[in-house]
Structures are given as C-alpha cells and as structure tokens.
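1. What follows is a predicted protein model with its sequence.
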Amino acid sequence: MKKKITALLVVIMAISLSLTACSTAENTEAPSTSTTGGNASGQPSSSTPDGENDSKTLIVYYSLTGTTEQLAKTIQEKMGGDIYLLEPETPYTTDHDAAIAEVDAERESGELRDLKGTLPDISGYDLILIGGPVWRGEPSNPVQKYLSQTDFTGKKVAGFWTANANTRDYATLFEEMVQGGEVSEGLSLVSADDFSSKTDEWLMALGLLESPESPQSPVTVRSFDSTGPRAWSATFQVISSNKGNILIDPGKYDEEVADYIESLGGADAILLTHGHWDKLRGLDDAVAANPNATVYVHELDYPYFGDPVRNCSIEQGFEGTTQVEANTFTESIYEIGGYSIEVIHLPGHTEGDSVFYFKDENIMIGGDAVMPTLMAGSSHPGGNEQERQASIKKFKGLTFPADMILYHGHGSDTISYEDLMKTNVDLQ
C-alpha cells in the first residue's frame, strides 16, 4: 500500500528541524507517545499492507520529536514488516541547550543511558531497518545504544535518518557501529527533501517496493512499400511502442527504412510471416544495421532462405539467397521484442506461412496469408491448395475482437476484423 507522507509531516519537519546542523535534529518537540514498539515484551508490532504480511523485515527506530516516528510508520505502511520503538529508561530533555549537554556528557563518558524493556529478537528477520535523528553529526544516543547491544551477523541492515540540513558523517559512523551485519545504502533526509519520493526510491532500491509500471505508449504500426527492380509489389510493417520495436517482412532496407528504425532506437526483433523473396530481400541489410535483433521464421520456411526456387526469387529473374541465422517458431504464443505474440500457422501459400496476433495491441499482421479481399494463393513452390483450404476453414473458426486491425503484405490499407469477415471472399 503506497501512501504519501502527509502534509503534517512536512510541517513537523519545517518546525522541528530548524536548528543548526551541529545541534540535535529532534530536540524541540514533546517526546513521542507512540506505543507501537511493544517494548515491555520485546515484541514488535506488525503491519499488513494490501493484505500481505512481510514479517522478514524489522523496522527499529528512535524518535524524540515525532519526525522519525512519522517516517518509520510511513515506511511500514509502504512495505509492511514489523516495527519497534526504542525508548530510553530516562527520556531526553526537549530543552535545546540542556539536550546538547546531555548528549555530549554521555558520549564523553561512554555511558549511554539504558533502553526500556527487552530488545527485539532479530533471529526471524532477514533485513533490519534502523532509523533515528542526527545528533551532532552522529546517530542519536539511543540508536548507538541499540547498535552496541545487537549482533547483526547474517543479517542485512540499512539505516534511515533525519536532519535539518547536514547529516555530516552519519552514514559512515552508522556502518562502523553495525556489528556483523551487511550494511546497505541508507536513506538520508533533510528538511528540504521530498520525503515521499526519496523514501519510495530507497525502498525500491532495497527491493521492498515495486517500481510503478510505466504507462504503455500507444503502439505505432508503419507500413513501407518494398516494390523495386526485379521485385514483386509488397508491403511490410514496423511495430513500435515503449515495449520495443519489431520489423516484419523486410522486403527492402533502404535509407528511409533505416532512418526510421534508427530514430526508434533500433529493431529488437525481425519476424517473417513466410519465406518468399519479397519478404526476405532486405533481410541481410536489416540484420547488418540491427546486429542485436533476433530473426524469427517458421521452422518449415527456414529452408527457403537458401533455396531460390522455393523463395521464388527465380521467378523474379535472379537467384536470391540469404545466410542469415534465424530462430524458428511453430504455432504458439511467444514473448518477442517486448510483446506477447500469438503465431497462427496457416499453410497453403508456403509450408510455414503464419500470421502474428498481438492481442494486447489488438492488431494482426496477416502477411500474405490473410488480406482484406482474399487469402494468398497456392500456385508458387511450397504452396498446397489442400492445405490452403484447411487454413481458410481454420481461420474462419477463430474469433477476434470486432475492432482488431489487420495489416497485410500487399498494400498499406488496413481493415477491421469485422469488415474483413465481410470483404474477404475466401472467408465467406
């Protein structure tokens, strides 16, 4: 449960931490009257944010004026865990000059005043968070007393502390005082800080709070025409969002395409609906420009890469082949380039012809298998009319949202699934 630190805490900090950095940071308010510590029994109290009990973390704190107590409770509300308040047998005075004298006298003598009750048993905890005010550049005396009486061997420890402006050497001294534990980076807060955001950042760094998910940017699908000399007319797509960038069926990779993909930060993956040369012609250049992109093709069409008969480059007047290495897929759901993609195998045009359904984005890349007016024919090498008819029947048996948008391999026009089922003659 994530709550912002209340405006009251900010007001308290503005008043209570107005002292100079060399004085106590929490010595102008009345002592805390919190009973959250359960000091008499040595049993910390628990919190269950959002119905989850994270009993592996213990928050131990001292607070003279209430500032650190507010922070400790906020930390518990955000990430759960148990909490324990350190209380001296004899409370420290709230008079400024007298408080400085008390603190200095104890430190000079080496006799820090005792703490009330039984200290908590930390054996059942993985992480101990220890908080308190900065007193004259050091951990407050009650925090020092607690550290001197506790063996943290095998535990992770992190501190959090509050001051008006200058925490001086608190972090170094705190780490030196922890006996046996592994000390993680602490949370240092001064009155000018944004308490809520800095606390969230600290808890996320410790793995105690999940990072907020970035809102997904709308997906962008841009189509390119790959028609060229000795090349069939064809269209291919680039899909982009803050999830990633995917290039599909790169029939060419000229300056326009290269500049666009570079502006996106490069392609994360290259997908092929099938193995005909009008989909492969720009593959070598695309891979060279995007060396970190993985290429994917159906396992039955991978052999088309090196076969100018089956990839139909022979029909276009030359023998086109590519030695690009690819990962192969079959009909399934894959996580590729940041997207969840359902591969639907629709053979007939080629043996491995497939369409890609991006359910979360509500789009489909139909390649040649599914186009607005027809399903691709079976007359080329690798085609099979019986398989094509079976694929038509298979697709007609599937259902998709009425407003799903289909992009295809021979035209930049798009069509909704609802309209597709009305205009595609093979799907009637």
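-> Yep, that arrived.
2. show me what contacts Asp383?
-> One thing to correct before we go on: residue 383 is Gly, not Asp. Gly348, His349, Thr350, Gly377 (CB atoms under 8 Å, 6 or more residues apart in numbering). In this view, the C-beta of every residue, glycine as well, is placed from N, C-alpha and C.
3. The spatially closest residue to the second one that is not a sequence neighbour: neighbour count?
-> Right, the one you point to is His349. Leaving aside its sequence neighbours, His349 sits nearest to Ala376 (CB to CB, 6 or more residues apart in numbering; 3.8 Å). The number of residues packed near Ala376 is 27, by other CB atoms under 10 Å.
4. go on, the one 5 residues further on?
-> When neighbours are counted by other CB under 10 Å, Pro381 registers 16.
5. That one: helix or strand, and which one exactly?
-> Assigned by DSSP states H and E, Pro381 falls within no helix or strand.
6. Next one: it relative to Thr330, how far apart?
-> Distance, Pro381 to Thr330, using CB to CB, to the nearest Å: 21 Å.
7. What of Glu361?
-> Distance from Glu361 to Thr330, by CB to CB: 22 Å.
8. got it, and Gly66?
-> Distance from Gly66 to Thr330, by CB to CB: 63 Å.
9. Pick out whichever of those two has more residues nearby.
-> Legend: neighbour count by other CB under 10 Å for Gly66 and Thr330, higher for Gly66 (19 against 12).
10. So for the more buried one, what's the pLDDT?
-> Looking at Gly66, its pLDDT reads 88.
11. swap in Leu208?
-> 85.
12. cool, and the one 10 residues further on?
-> According to the model's per-residue confidence, Pro218 sits at a pLDDT of 86.
13. Need the three-state assignment for it.
-> What DSSP: H, G, I helix; E, B strand; the rest coil gives for Pro218 is coil.
14. ok, now how distant is Val287 from Leu247?
-> Separation of Val287 from Leu247 (CB to CB): 10 Å.
15. how about a markdown table for the contacts of Gly383, with neighbour count added?
-> Shown next, in a markdown table, are those (neighbours: other CB atoms under 10 Å):
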| residue | neighbour count |
| --- | --- |
| Gly348 | 23 |
| His349 | 26 |
| Thr350 | 31 |
| Gly377 | 13 |
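16. Now tabulate those in CSV and tack on pLDDT, secondary structure and distance to Ala165.
-> As requested, those are exported to CSV (pLDDT from 0 to 100; DSSP: H, G, I helix; E, B strand; the rest coil; distance: CB to CB, whole Å):
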residue, pLDDT, secondary structure, distance to Ala165
Gly348, 97, coil, 74
His349, 97, coil, 72
Thr350, 97, coil, 71
Gly377, 95, coil, 77
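17. Out of these, give me the two with the largest separation.
-> Thr350 and Gly377 (11.0 Å; CB to CB).
18. these two touch, right, Leu203 and Met79?
-> Yes. Leu203 lies in contact with Met79 (CB atoms under 8 Å); the separation is 5.4 Å.
19. who's more crowded, the two?
-> Each of Leu203 and Met79 has its neighbours counted (other CB under 10 Å); Met79 has more, 25 against 20.
20. just checking, the more buried one touches Trp202?
-> No. The pair Met79 / Trp202 is not scored as a contact, 10.3 Å apart, by CB under 8 Å.
21. returning to what we had before: give the intersection of the neighbour lists for Leu203 and Met79.
-> Leu209.
22. Next, Gly383: phi, psi?
-> phi -80, psi 160 (degrees, to the nearest 10).
23. Sticking with Pro133, tell me its helix or strand.
-> Going by DSSP H and E, Pro133 is in strand 127-135.
24. could you pull out the strands for the stretch 51-200 of the chain?
-> Under the criterion DSSP state E, counting those that start in this stretch, the stretch 51-200 of the chain contains strands at 57-61, 81-85, 127-135, 138-139, 156-163, 182-183, 187-190.
25. right, I mislabeled it, should have said the stretch 301-428 of the chain
-> 327-329, 332-336, 339-345, 354-358, 363-365, 405-407, 415-416.
26. Okay, now the unreliable bits of this structure?
-> 1-55, 192, 212-217, 228-231 (pLDDT under 70).
27. rerun at 80
-> 1-55, 96, 165-166, 191-194, 210-217, 227-233 (pLDDT under 80).
28. any idea how far the residue in it sticking out farthest from the centre lies from Val103?
-> Largest separation from the mean C-alpha position in the chain: Ser109, at 50.7 Å (CA atoms, centre = their mean). Applying CB to CB, the value for Ser109 to Val103 is 11 Å.
29. next one: Thr322
-> Using CB to CB, one obtains 76 Å as the distance from Thr322 to Val103.
30. Same check on Gly337?
-> 59 Å.
31. cool, Tyr407 as well?
-> Taking CB to CB, one finds Tyr407 at 71 Å from Val103.
32. same thing with Ala402?
-> Ala402 is 73 Å from Val103, by CB to CB.
33. of the two, who's got more company?
-> Val103 (20 against 11).
34. what's the closest non-adjacent residue to that one?
-> Trp135 (5.5 Å).
35. what about that neighbour, neighbour count?
-> Using other CB under 10 Å, the number of residues around Trp135 comes to 29.
36. give me the beta-bridge partners of it?
-> Thr24, Glu138 (DSSP bridges).
37. What distance do you get for it to Ser148?
-> 15 Å.
38. How about Gln386?
-> Distance from Gln386 to Ser148, by CB to CB: 84 Å.
39. what do you get for Ala171?
-> Counting by CB to CB, the gap from Ala171 to Ser148 is 18 Å.
40. Between those two, which is the more surrounded one?
-> Ala171 (17 against 10).
41. Can you report how many residues lie near the nearest residue in space to that one that is not next to it in sequence?
-> Spatially, and ignoring its direct neighbours in sequence, Ala171 is nearest to Gly186 (5.6 Å; CB to CB, 6+ apart). Other residues lying near Gly186 total 21 when counted by other CB under 10 Å.
42. Now that Gly186 has come up, it's in contact with Lys156, right?
-> No. Under the criterion of CB under 8 Å, Gly186 is not in contact with Lys156, lying 12.0 Å apart.
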